[in-house]
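Participant: coords please:
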Amino acid sequence: MHKIALYPGTFDPITNGHFDIIERGLRLFDEVIIAVADSRDKRPMFTLDERVEMTKLAVKDLERVRVVGFDNLTVELANTLGATVLIRGLRAVSDFEFELQLGYLNNSLDPNIETVYLMPKLKHAFISSSIVRNLLKFNGKTEHLLPIPVQNVIWSMKSCTLPEATPCT
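Facilitator: The predicted model follows:
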């Protein structure tokens, strides 16, 4: 039986921690679908299309991985794509309570959906997209936090689109 896992998130932007979780998911499942959430309520720094494109670039060399954008319930997307498992990352104890509640909620919406919690390698445990966004606002170093293709895209667009950047000429 082909086991499909869905890894949902905002990925604003995708980080090395996310990438580590994706690689771990590939060891457990036949296919991992990365679902980039619209998440307008979070006011992301990057548009949905930009986040989907950056995620595709980050995983372009991985087999058995697909990237989709979505703006509906995660369990609805999972059902549409044939996924029966949701992957969630846990960096610290502070993530656990929220993720546990979310897992219970998703299972209450569809009892056939299981949630698997994966931890990134310790060297990635402190990385979050919000930390990266804050560093980007102040031109901070992010090379060690982002996949190289994502870093290249962000810095090529930085002078034109990121907050407090010099306008393009």
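
Participant: Distance from the chain centre to the helix or strand bottoming out on mean pLDDT in the chain, please.
Facilitator: Least confident helix or strand, the chain: helix 148-161 with a mean of 79, by mean pLDDT, DSSP states H and E. Centroid separation for helix 148-161 versus its chain: 17 Å, with Cα atoms, centre = their mean, to the nearest Å.

Participant: How about stretch 93-103?
Facilitator: So, by Cα atoms, centre = their mean, the centroid of stretch 93-103 is 16 Å from its chain's centroid.

Participant: If you count neighbours, what's buried in it?
Facilitator: 95, 99, 103 (16 or more other Cβ atoms under 10 Å). C-betas here are computed from N, CA, C, even on glycine.

Participant: you'd agree the second one is in a helix?
Facilitator: Spelled out, it's residue 99. Yes: judged by DSSP: H, G, I helix; E, B strand; the rest coil, residue 99 forms part of a helix.

Participant: Not counting residues beside it along the chain, what's closest to it?
Facilitator: In this structure, residue 99 finds its nearest non-sequential neighbour in residue 88, 5.0 Å apart by Cβ to Cβ, 6 or more residues apart in numbering.

Participant: you'd agree the one you found is in a strand?
Facilitator: Yes: the assignment for residue 88 (three-state DSSP) places it in a strand.

Participant: quick one: low-confidence ranges for the chain?
Facilitator: 158-169 (pLDDT under 70).

Participant: Please, where are all the helices along it?
Facilitator: 16-28, 48-58, 74-81, 93-109, 129-137, 148-161 (DSSP state H).

Participant: Buried residues, the fifth one. List them.
Facilitator: Taking 16+ other Cβ under 10 Å as the neighbour-count basis, helix 129-137 is seen to contain the buried residues 129, 132, 133, 136.

Participant: Let me see the contact set for the second one.
Facilitator: Going by Cβ atoms under 8 Å, 6 or more residues apart in numbering, residue 132 touches 13, 15, 142, 145, 146.

Participant: do you know how far it is from residue 84?
Facilitator: 31 Å (Cβ to Cβ, to the nearest Å).

Participant: How about the third one?
Facilitator: Taking Cβ to Cβ as the criterion, residue 133 is separated from residue 84 by 32 Å.

Participant: ok, how many other residues are close to the closest residue to residue 109 other than its chain neighbours?
Facilitator: When the adjacent residues along the chain are set aside, residue 109 lies closest to residue 75, with 4.7 Å between them (Cβ to Cβ, 6+ apart). When neighbours are counted by other Cβ atoms under 10 Å, residue 75 registers 20.
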